[in-house]
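Chemist: Here is a sequence together with a model predicted from it:
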Amino acid sequence: MRRTALAALCLAATAAASLTGCLPGEEKADSKPKGPFAGQTGGEIADQAVKATSNASSLRMKGDIKDDDGSRVGLDMALDRKGECAGTMSANGQGKADLVKTGDTLYMKYDEKFLRAQSDGASKEETDGVVAMLAGKWTKMSATGSDAKDIASFCDLDTVLADFKDVNSDATRGKTTTVDGTPAIVLHEKDGKDTYTLYVATEGKPYLLRVVSKSAEDPGTVTFGDFDTPVPAEKPAGKVMDLDAMGG
């Protein structure tokens, strides 16, 4: 499975993630393995995982990945094909932002650390003003507005999975293990100097459970779960600041 096929799923609009290289003692693709996926090559299993994951109506993705600007982005987000999402994000481990998109509205709540980290270049007075106004408070804006559309597009699972199909993998089989308690098989692939590892469920549908990239340019780990589970995208209770009405 190539990095390009994983990019949209793992990062939405930013980085890419994938998988760890061939390890000593793993089963080769031309062997005749027993147990889960008996008689199937790693590539065949990987292709099944792509198909199953691509057909999910919703999922949750959690991980730490590299953004285009070199920063580390932390994500814990549930999203579906209706464009609903709910979760959290962070940048370089500095603070946290809660995010909910339901209907045509994007709701976000930032903590002080996150706001200060995102105020690079602003004066102390300006930053203090932003913190006083926004920290710990829910805000809302149109999901189609210029300030929100990039994040809102990430909430659409169809967009995230757009390139995650028609992949012909040459992965090799590894050992069996578990991912958060779910039985899984490990697959390995190498692309030049980049090595990747993916974990595929061996019970039920062969969903992709985890992707680990040891790529020099796009290292990261993303875990997937809560497949076909309703996304808890509900309008925040209480007072919500309307940023569009405030002009920003």
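Modeler: Looks like it arrived, so ask away.

Chemist: Show me the shaky parts of the protein.
Modeler: Within the chain, the stretches with pLDDT under 70 are 1-34, 67-69, 163-168, 248.

Chemist: And for the spatially closest residue to residue 47 that is not a sequence neighbour, the neighbour number?
Modeler: Closest residue to residue 47 apart from its sequence neighbours, by Cβ to Cβ, 6 or more residues apart in numbering: residue 169 at 5.7 Å. Yep, even glycine has a C-beta here, placed from its N, CA and C like the rest. If you count neighbours by other Cβ atoms under 10 Å, residue 169 ends up with 23.

Chemist: likewise the one 4 residues further on?
Modeler: Around residue 173 sit 24 other residues, with neighbours defined as other Cβ under 10 Å.

Chemist: Check whether it really touches residue 46, as I assumed.
Modeler: No. At 9.7 Å, residue 173 does not count as touching residue 46 under the criterion of Cβ atoms under 8 Å.

Chemist: before we move on, the earlier item: would you mind measuring from the residue nearest to residue 47 to residue 245?
Modeler: 49 Å (Cβ to Cβ, to the nearest Å).

Chemist: ok so, going back, pull up the overlap in contacts between residue 173 and residue 46.
Modeler: Residues touching both residue 173 and residue 46 by Cβ atoms under 8 Å, 6 or more residues apart in numbering: residue 187.

Chemist: Okay, helices next: where are they in the protein?
Modeler: For the chain, the helices defined by DSSP state H cover 3-11, 42-54, 112-117, 124-134, 149-154, 157-160.

Chemist: Quick check: which of those helices is nearest to residue 177?
Modeler: Across the helices of the chain, residue 177 has its closest neighbour in helix 42-54 (14.0 Å, Cβ to Cβ).

Chemist: Show the secondary-structure elements that that closest one is packed against.
Modeler: strand 172-179, strand 182-191, strand 194-201, strand 208-213 (3 or more Cβ pairs under 8 Å, 6 or more residues apart in numbering; DSSP states H and E).

Chemist: Now with 7 Å, please.
Modeler: strand 182-191, strand 194-201 (3 or more Cβ pairs under 7 Å, 6 or more residues apart in numbering; DSSP states H and E).

Chemist: My guess is residue 108 contacts residue 96. True?
Modeler: No. Counting by Cβ atoms under 7 Å, residue 108 does not reach residue 96; the two are 10.9 Å apart.

Chemist: picking up where we left off before, deepest in the core, which of the helices and strands packed on helix 42-54 is it.
Modeler: Counting by mean count of other Cβ atoms under 10 Å, strand 194-201 has the highest mean neighbour count of the helices and strands packed on helix 42-54, with a mean of 24.

Chemist: name the helices or strands packed onto that one?
Modeler: Using 3+ Cβ pairs under 7 Å, 6+ apart, the elements in contact with strand 194-201 are helix 42-54, strand 182-191, strand 208-213.

Chemist: Among the ones you listed, which comes closest to residue 144?
Modeler: Closest approach to residue 144 among these is made by helix 42-54 (25.8 Å; Cβ to Cβ).

Chemist: now the helices and strands packed on helix 42-54 in a markdown table, with distance to residue 66?
Modeler: Output for those, formatted as a markdown table (distance: least, Cβ to Cβ, whole Å):
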| stretch | distance to residue 66 |
| --- | --- |
| strand 182-191 | 16 |
| strand 194-201 | 13 |
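
Chemist: Among those strands, which comes closest to residue 80?
Modeler: strand 194-201 (19.4 Å).

Chemist: Just checking: what are the partner strands of that closest one?
Modeler: With DSSP bridges as the test, strand 194-201 is paired with strand 182-191 (antiparallel), strand 208-213 (antiparallel).

Chemist: Mean neighbour count and distance to residue 229 for the helices of the chain - can I get that in a markdown table?
Modeler: Shown next, in a markdown table, are the helices of the chain (neighbours: other Cβ atoms under 10 Å; distance: least, Cβ to Cβ, whole Å):
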| stretch | mean neighbour count | distance to residue 229 |
| --- | --- | --- |
| helix 3-11 | 21 | 17 |
| helix 42-54 | 21 | 14 |
| helix 112-117 | 18 | 27 |
| helix 124-134 | 13 | 31 |
| helix 149-154 | 17 | 18 |
| helix 157-160 | 20 | 12 |
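
Chemist: Much appreciated, bye for now.
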